[in-house]
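**Q** structure of the sequence below:
(one chain, ligands or ions: 1)
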Amino acid sequence: MTVQERVEKLLAQMTPAEKAGQLTQYFYFRLPPDAPGPVLEFDRDEQPRMVEARLGEGLVGSLLFLTDPAEINRLQRLAVEGNRFGIPALVGFDVVHGLRTVFPVPIAMAASWDLEVIEAGQAVAAREARAVGIHWAFAPMVDIARDPRWGRIIEGAGEDPYLGAAVAVAQVRGFQGQEMGTPERIIAGPKHFAGYGYALGGRDYDEVDLSDSQLWNVVLPPFRAAIEAGAGNVMTAYMDLNGIPATGSGWLFTDLLRDTLGFDGFVVSDANAVRNLVTHGFAADLTDAGARAVNAGVDMEMAISGAAYAHLPEALEAGEVDMAAVDASVRRILAAKVRMGLLDDPYVDEDRARQVLADPAHRDVARVAAERSAVLLRNENGLLPLDATALGSVAVIGPLADSPRDTIGPWVFDFDLDETVTVLAGVRARAGGDRSGPGAATPDHAVRVGYARGVPVVQREFPSLFDMFGGNTPSDPDGFDDDAEFRRAVDLAAGADVAIVVVGEWQNMIGEMASRSSLELPGRQLELLQAVVGTGTPVVLVVMNGRPLDLRWPAANVPAILDVWYPGTQGGTAVANLLFGDVSPGGKLPFTWPRTVGQVPMTYAHTISHEPENQARRYWDEASTPLFPFGYGLSYGRFTYTNLTVDEPSTTTRGTVTVSVEVANTGDREADEVVQLYLHQRHGTASRPVRELKGFERVTLAAGESRTISFPVGPDERRYWNAAVRDWVTDASTFDVWVGGDSTADLTTRFEVTK
Ligand code: BGC
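**A** The predicted model follows:
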C-alpha cells in the first residue's frame, strides 16, 4: 500500500473525536518536587494523569518533552493499545543543540560558517534522539534576529537572511537526511512562522510589526530554504504579526506557507498558542480558538494543558469548521507517521539507545564544532596562541571558567554534567599535566594552573522558564560576592605568567523568556577583569554568551578576546585547543556587535537614506559603527585578498557573472578564513542595502598557501522583493562587489546589468 492508501484507509474509519485526537500534541512531564511554583495552572501529577487517560482513549496524536527510552516505550504502548487502529504517537522534542552530546548553541554553530559541521552536528543529535524514540525536532529556529536584547537570538543563525538560509538547509539535512523517514534521522521543524525575531523592544512574545519588504527579503528566505530542503514540519509563532495572532492567521499558513512557499508538511502550533488565541483577544473561547487555528491551516495543536482541539467535534457540529479542513490536517499527520515508519515499528531498543548516547564519535563531532565556532575578536601582538612550553603558570579566573552547566548552554535537558569539560578542566588537561579529566592530553611540560572564581555572575538567584523542569539551575545560585575571593583572584593573576579570564552571562540569562534591557556584563565581572588587567599580567578574555555583550572596555584594554559562546559537552577541550594553538580560531560573527544597547537593533545591511556623509554620526552621543562588524573574526593566520575580478564586465538581468578573488595566508600557521562576498545595487526600483552577503566559503590555508575562490552572482543573488509592486524584481543597474574577511571588506570591483 502507498503512504496515501494507508492514510485514507485509516481516515475513512475515524470519528470526529479520534480525528481531533490525532491533531493534538500533549506535553508529558512530571514537575520535579522542588519545582518553583505555581508556574503552571496544574499540580505535579495532574498533567501525566490527564495525558495517560487520553492515551487510553486513543485521543493523543503526539507527545512532547520525553527523552527516556523506557518511558517513551511505555507511553507508546499506551497509545498503540488505546487507539482502535493502533496508531502510535509522534514524539517531538526540542533537539536544539544536541541531546546527550551537547553541541555549541545554535548562534555559535552559525558562527562557524561551516555548513558541513552544522549538518554533521544535527545528524548526531538526530541519531541520539531517534535512538531514544524521538521522531521530530522542534528545530531549527530560523528566525532572523537583529535585536540582541531578545534572548532567543541564541537559538538562531543571527541577523542575515543569506547566512540564515544556508544554515537552515544544513540543519534540515542534518536532522532529516535526504528525505523524511531516513533511518536514524528525525523530522525537522523550522520555526517560528513568521517574524518572531522582530519582537518590539526585543521583549520576548511582544507584538511584531513587519513591513512587506522585511518579511520577504529578510524573514522568509531561511524558511523558504528549509522548506525547499524538505523540512517536514513548521511551527507557528506566539505573537501578533501586524495585528493578527500568527497562530490564527490563514494568510500566513495557507496563502503564504502552503500556496506560495509550497510547503507540504504539517504545521504545529507553538505551546499553548492555540488556546492563547483567546488571551490575545482574538478568539471568543476555546472552541472558537480551535476552529480558527484549523481553518488557518494549523494542523496540530501543541498543548500544555486543556487542548482547544479537543473541542473540534463541537466546532464541526456547529459548522464553524469544515470536515474537509480537519481531514486535510489528519492526512498530513498520518502521512508523517507512515513515512517515519511508526505504524510498522513504534518501539525502540533501550540497550541500543544507551549505546548510541554513549558513542564517543559523537563527542568528537561536538569538539570539532566548538573549535570551529569560536570567534577571535582581538589578538594584540599575537598573545594567542599561548605556548604551553614557555609558560610556568596560568591563572584561570572567573565565574564561568568551571561551570559545567553554563558550558553547555540553554535548551538542553538530557545532558550529563559529569562528562562536560569546562574551560578550567580543558586547560588543566591540555597544559597542566592533569591526565585524569575528560579530554586529557599528554603535555611534555606541565604548567601550573591555578583557579579562582573571583566573583559570581550575579549575586541573586536568577529564575528562568526552564527551572521548573529541574536540572537547569544556574551554575552558582548561592554564589556570594566576597571581597576576599575577589582579591584571591587578583593575587593569583598577579603571580601568573598569563591570566585566562572567563566571563559572560549565565546560560539561563539568555534564551526563551530571557530578554534583557542591558547588554552589560552582569554583576561585578567587568570590575574583576579590570583589576586583573591592572596587575600587568597578560590577559586572555574568554567570553561565554549567546548575544553580543558590552565589551567596549575589554576591546580597548584586553589584548586577546576569544568568544566561545556556550560551547557544549566538549567545550573546555576545544577552548584549550584553541588557546594553545592546536587549532586556529576561524569563526566569524553572525551578527553585528554593537557598542552599546542604545544602538540596537543594528544591521550591516541597512540602506543609505538621506545625507550619506552623516552615516557615521547618526547619534550625537555615540558612533553609528558597531564594536565589531558582521562577519568579523580573526585567526592565527594572516589573510590577504588580491586580484578581485568579474569574468564579464556586464550581463543581462537573467545572466550570471563569476566573481573571483585570490586569498593568501601570509602568516606562519595554517588557519581558516571565511571568504565573504557582498553586493550592492547602485540604483533601481527600490533603494537597496549598502551591502548584502551573497556568497561565502570557509577555507583552510597552510602558511604561505594561496587559493582562488569563485562565486556565481546571478539573478537569485540580485533579485529582491519590491514592496511597491509586491513582487520579485531584478533591476538593471550597476553592482558593486566587495570580497574580504568581514562586512567592511574594502577590496572592490563592479559589473553592469542591462535589461
Ligand atoms: C517555544 C518553542 C518550543 C516549545 C516546546 C515554546 O515555548 O516557543 O520554540 O519548541 O516551547 O518546548
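**Q** now whatever residue of the chain ends up closest to the ligand: phi and psi?
**A** Residue of the chain nearest the ligand, by C-beta to the nearest ligand atom: residue 138 (3.5 Å). Where C-beta positions appear, they are placed from N, C-alpha and C, glycine not excepted. Main-chain dihedrals, residue 138, degrees, to the nearest 10: phi -80, psi 70.
**Q** does it touch residue 189 like I think?
**A** Yes: if you go by C-beta atoms under 8 Å, residue 138 and residue 189 touch, sitting 5.2 Å apart.
**Q** now the common contact residues for those two.
**A** Common neighbours of residue 138 and residue 189 (criterion: C-beta atoms under 8 Å, 6 or more residues apart in numbering): 92, 235, 268.
**Q** who wins for most neighbours among those residues?
**A** residue 268 (28 neighbours; other C-beta atoms under 10 Å).
**Q** so who does it touch?
**A** 25, 62, 92, 138, 189, 233-236, 298-302.
**Q** please redo it, this time with the cut-off set to 6 Å
**A** Residues in contact with residue 268 (C-beta atoms under 6 Å, 6 or more residues apart in numbering) are 235, 300, 302.
**Q** how about it: what's its closest non-neighbour residue?
**A** residue 300 (4.4 Å; C-beta to C-beta, 6 or more residues apart in numbering).
**Q** and that neighbour, how many residues sit next to it?
**A** Neighbours around residue 300, by other C-beta under 10 Å: 29.
**Q** change the start of the numbering to 49 and stick with it
**A** Okay, using 49 as the starting number, the last item reads as residue 348.
**Q** give me the phi and psi for it.
**A** According to degrees, to the nearest 10, residue 348 has phi -130, psi 140.
**Q** contacting residues for it?
**A** With C-beta under 6 Å, 6+ apart, residue 348 has these contacts: 71, 73, 316.
**Q** look at the second one and tell me its secondary structure.
**A** In terms of secondary structure, residue 73 is strand; the call rests on DSSP: H, G, I helix; E, B strand; the rest coil.
**Q** so where does residue 728 fall, helix or strand?
**A** Taking DSSP states H and E as the criterion, residue 728 maps to strand 719-729.
**Q** oh sorry, the question was meant for residue 322
**A** Assigned by DSSP H and E, residue 322 falls outside every helix and strand.
**Q** need the pLDDT of residue 753.
**A** Model confidence at residue 753, given as pLDDT, is 98.
**Q** might you report the residue contacts of the residue nearest to it when sequence neighbours are not counted?
**A** Excluding the flanking residues, the one nearest residue 753 by C-beta to C-beta, 6+ apart is residue 713, at 5.5 Å. For residue 713, the contact set (C-beta under 6 Å, 6+ apart) comprises 685, 687, 749, 753.
**Q** just to revisit the earlier point, next, the buried residues of the strand holding residue 728.
**A** 719, 720, 721, 722, 723, 724, 725, 726, 727, 728, 729 (16 or more other C-beta atoms under 10 Å).
**Q** tell me the bridge partners for the second one.
**A** Spelled out, it's residue 720. The partner list for residue 720 in beta bridges (DSSP bridges) reads residue 748.
**Q** sorry, back to before: which of residue 186 and residue 237 has more residues huddled nearby?
**A** residue 237 (28 against 24).
**Q** the stretch 349-498 of the chain: helices as residue ranges?
**A** With DSSP state H, counting those that start in this stretch as the criterion, the stretch 349-498 of the chain has helices at 360-365, 371-387, 398-405, 408-421, 452-456, 471-479.
**Q** tell me which of those helices sits most buried.
**A** Among these, the stretch with the highest mean neighbour count (mean count of other C-beta atoms under 10 Å) is helix 471-479, at a mean of 28.
**Q** quick check: residue 699 is in a strand.
**A** Yes: checked against three-state DSSP, residue 699 lies within a strand.
**Q** could I get the phi/psi values of the closest residue to residue 299 other than its chain neighbours?
**A** Spatial nearest neighbour of residue 299, excluding adjacent residues (C-beta to C-beta, 6+ apart): residue 292 at 7.6 Å. Torsion angles at residue 292 (phi, psi; degrees, to the nearest 10) stand at phi -120, psi 130.
**Q** give me the number of residues near residue 292?
**A** Neighbours of residue 292 (other C-beta under 10 Å): 15.
**Q** now, of the contacts of residue 713, which are buried?
**A** By 16+ other C-beta under 10 Å, these give 685, 687, 749 as buried.
**Q** could you say which helix or strand contains the first one?
**A** Meaning residue 685. Going by DSSP H and E, residue 685 is not in any helix or strand.
**Q** in contact with it: list those residues for me.
**A** Contacts of residue 685 (C-beta under 6 Å, 6+ apart): 713, 715, 717, 719.
**Q** what of the second one?
**A** When the contact criterion is C-beta under 6 Å, 6+ apart, the partners of residue 687 are 711, 713, 721, 789.
**Q** so which of those residues are also by the ligand?
**A** Counting by C-beta under 6 Å from any ligand atom, the subset of the contacts of residue 687 that neighbours the ligand is empty.
**Q** of the residues you listed, which pair is most distant in space?
**A** 713 and 789 (11.5 Å; C-beta to C-beta).
**Q** in the stretch 249-398 of the chain, which spans are strands?
**A** Taking DSSP state E, counting those that start in this stretch to define them, one finds strands in the stretch 249-398 of the chain at 281-283, 288-289, 292-293, 314-316, 349-351.
**Q** to residue 408, which of those lies closest?
**A** Between the strands of the stretch 249-398 of the chain, strand 281-283 lies closest to residue 408; by C-beta to C-beta that is 31.1 Å.
**Q** what lines up beside that closest one in the sheet?
**A** strand 314-316 (parallel).
**Q** do any residues in the strand it pairs with lie close to the ligand?
**A** No: counting by C-beta under 6 Å from any ligand atom, the ligand has no neighbours in strand 314-316; the shortest distance is 8.7 Å.
**Q** what's the neighbour count on residue 795?
**A** 15.
**Q** for the strand holding residue 728, give me every contacting residue.
**A** In contact with strand 719-729 (C-beta under 6 Å, 6+ apart) are residues 161, 632, 634, 636, 679, 683-685, 687, 711, 736, 738-748, 757, 759, 781, 783-787, 789.
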